[in-house]
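**Student:** what follows is a predicted structure for the sequence shown.
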Amino acid sequence: MGLVSKMKLKGTVGSRGDASSLLRSPGDAVLVQRGTPRWLLLSCPCGCGAELPINLDSRAGPAWRLYQHSTQGLSIFPSVWRDTDCRSHFIIWHDKILLFVRTDEDFQSPGRTQDIAALSEVLRKKIPAVGFVSYVDLADSLGAVPWDALDACRHLVKNGVLREGFGKQRGMFRRI
Ligand SMILES: [Zn+2]
């Protein structure tokens with residue numbers, strides 16, 4: 001299990017230049033928005049002090065998806081993996097940062113049992129009768145945050161409803 005910390009959204013600004021002064025502690029974040037969300041700037045949760053620019057604008061290259069929810073906070077998909085310097089690997093999920101201790105560590109829920117039980121019931125009806133389906137496609141079909149869908153799928157695995165694929169089919173689920 002990774003380390004869980006809080007992501008603190010310090011504000012929304014119009015340009016990257018306005019963001020740096022707001023990033024003081026690990027996990028501090030600033031959203032750069034001009035019409036649409038452009039960047040999430042994050043002070044690296046590992047504490048190395050690096051300022052990580054997370055691109056949210058698909059017109060500007062490979063982009064992360066941003067999910068903003070009025071009560072549950074902000075999520076980013078997929079995970080963020082620094083391939084230089086500190087090599088931090090983490091996910092941002094409902095204003096929480098799950099920092100993986102080992103780079104190959106798997107995603108696990110920090111515990112939201114009731115929500116997950118409800119989502120699992122909805123999601124269960126979306127699983128095709130045969131073949132594998134990815135949790136991302138399931139999330140998209142429900143308008144859900146993919147991390148929630150993954151968590152719900154794994155919940156259904158635990159309950160003996162689904163089976164998860166191995167190797168390249170990790171994150172793919174089918175009925176048992
Ligand atoms: Zn770092």
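**Tutor:** Cool, got the structure.
**Student:** give me the number of neighbouring residues for Cys86.
**Tutor:** Here the number of neighbours of Cys86 (other C-beta atoms under 10 Å) works out to 14. Backbone N, C-alpha and C define where each C-beta goes, glycine included.
**Student:** so it, which of the three states?
**Tutor:** coil (DSSP: H, G, I helix; E, B strand; the rest coil).
**Student:** contacts only, for it.
**Tutor:** Counting by C-beta atoms under 8 Å, 6 or more residues apart in numbering, Cys86 makes contact with Cys44, Cys46, Cys48, Ala50.
**Student:** which of those residues are buried?
**Tutor:** Cys44, Cys46, Ala50 (16 or more other C-beta atoms under 10 Å).
**Student:** on that earlier part again, out of the contacts of Cys86, which comes closest to Gly73?
**Tutor:** Cys44 (19.3 Å; C-beta to C-beta).
**Student:** who touches the nearest residue to that closest one once chain neighbours are set aside in this structure?
**Tutor:** Distance criterion C-beta to C-beta, 6 or more residues apart in numbering; nearest residue to Cys44, sequence neighbours excluded, is Ala50 at 4.3 Å. By C-beta under 8 Å, 6+ apart, the residues touching Ala50 are Ser43, Cys44, Arg82, Asp85, Cys86.
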